[in-house]
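K.L.:
my questions are about this predicted structure, shown below with the sequence.
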Amino acid sequence: MRLFNVPAPQPFEAASSWISRFALSQGISTGEALEHFGADPALKGKIDGMVIGEVLRDIRRQCGLPPTALLVHERVMTSFRKIEPTGDSLLLHKAGSKALFNFCPACVKSMRTPHIPIHWRFIAWRWCPEHDSILESRCRMCGERQSSLVDLAMTSPGKNGRPWFNACQYCGVPFKSFAPCQLIKDEERIDWPIQRKVLVQGRAFLASLFDGYYSANGIVKNDIAGIREDISLKAFEVPIDLLSAEWFRGDADESQFTRMKRRWRFRWIANRYLTPKSKLIDAARENR
Ligand SMILES: [Zn+2]
Ligand SMILES: [Zn+2]
């Protein structure tokens, strides 16, 4: 196949997102694109974990892309594979068959080329530091979850001549029409310190994946593969209701008593799921 008009990967873009845009540009399905790149189309939901190393180098070669193409994806997912050699419990997916993502409507709005950054595929990345808001897990209009490996031409926006990642794949409503779920209301923070701790740790975890090392108890460990020995990642493996945009939006309606009870329950969950206090991953870095 002679390739024309190959879309330029965006700096933080997930391989799944780029492959969707690539397939669209070539007038083929994502299944055909995967076959073309020598990846098993049956493993659609696991695609981001597969596009590293030789597979990615081959894609770059075939498409005439520079060695820096999908570099952030590569760094993050190479670390990810060291932690989870075969599984994908840290990623958002639907029974392994669909690669799902959460999204920040304000970030989508500011993208010149709508795409899915790799960190939006991680359960741990629940909070957008740039907009201080909780990511959306589903379309606020129709409630559907969104997939980063999708035949864009077949989505609702695609059928309407706008095959881009900036609108709901099912009902077509533009994401920019959703107000971001901000954590500051009337100049006051609405997240509890314990919630904030989990959100910030999720961000620090992604920074560690990018860097390929982590630091626990202030001690730098060079091999990310050993992270589970120091840090419990359970809070990053399961969606937590009390950290969802739906919950933060509905929170105001709860009575003080329910709120307090919930808070205690969450503190208990977070402390069990996270890690002993002394072993938190150290400081998150900017804009990752
Ligand atoms: Zn954002
Ligand atoms: Zn929708």
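P.N.:
Thanks, I have the structure now. Ligands and ions are numbered 1, 2, ... in the order given.

K.L.:
and Q146, how far from ligand 2?
P.N.:
Q146 is 8 Å from ligand 2, where distance means Cβ to the ion, to the nearest Å. For every residue, glycine as well, the C-beta is placed using N, CA and C.

K.L.:
burial count for that residue?
P.N.:
Taking other Cβ atoms under 10 Å as the criterion, the count of residues near Q146 is 25.

K.L.:
find the nearest non-adjacent residue to it, please.
P.N.:
Distances taken as Cβ to Cβ, 6 or more residues apart in numbering place Q169 nearest to Q146, at 5.5 Å, with adjacent residues excluded.

K.L.:
again, but for C63
P.N.:
Nearest to C63 is V6, by Cβ to Cβ, 6+ apart, at 4.6 Å.

K.L.:
tell me which element that neighbour falls in.
P.N.:
Assigned by DSSP states H and E, V6 belongs to no helix or strand.

K.L.:
quick check: it touching L65?
P.N.:
Yes. Using Cβ atoms under 8 Å, V6 is in contact with L65, at 7.1 Å.

K.L.:
if you count neighbours, what's buried in stretch 29-37?
P.N.:
The neighbour-count check on stretch 29-37 (16 or more other Cβ atoms under 10 Å) flags T30, A33, L34, H36, F37 as buried.

K.L.:
can I get the residues you listed in JSON lines including pLDDT?
P.N.:
Formatted as JSON lines, these follow (pLDDT from 0 to 100):
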{"residue": "T30", "pLDDT": "95"}
{"residue": "A33", "pLDDT": "95"}
{"residue": "L34", "pLDDT": "94"}
{"residue": "H36", "pLDDT": "92"}
{"residue": "F37", "pLDDT": "92"}
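
K.L.:
and of those, the nearest to ligand 1?
P.N.:
T30 (25.9 Å; Cβ to the ion).

K.L.:
show me where the stretch 101-250 of the chain has strands.
P.N.:
Counting by DSSP state E, counting those that start in this stretch, the stretch 101-250 of the chain has strands at residues 127-128, 133-134, 146-147, 181-182, 184-185, 188-189, 214-216, 219-221.

K.L.:
now G143: how far from C104?
P.N.:
For G143, the distance to C104 equals 18 Å [Cβ to Cβ, to the nearest Å].

K.L.:
compare neighbour counts for these two and give me the winner.
P.N.:
Taking other Cβ under 10 Å, G143 and C104 do not tie; C104 has more neighbours (25 against 12).

K.L.:
and the residue in the stretch 151-288 of the chain that ligand 1 sits nearest to, how many residues sit next to it?
P.N.:
Closest approach between the stretch 151-288 of the chain and ligand 1, counting by Cβ to the ion: P180, at 6.6 Å. Using other Cβ under 10 Å, P180 is surrounded by 23 other residues.
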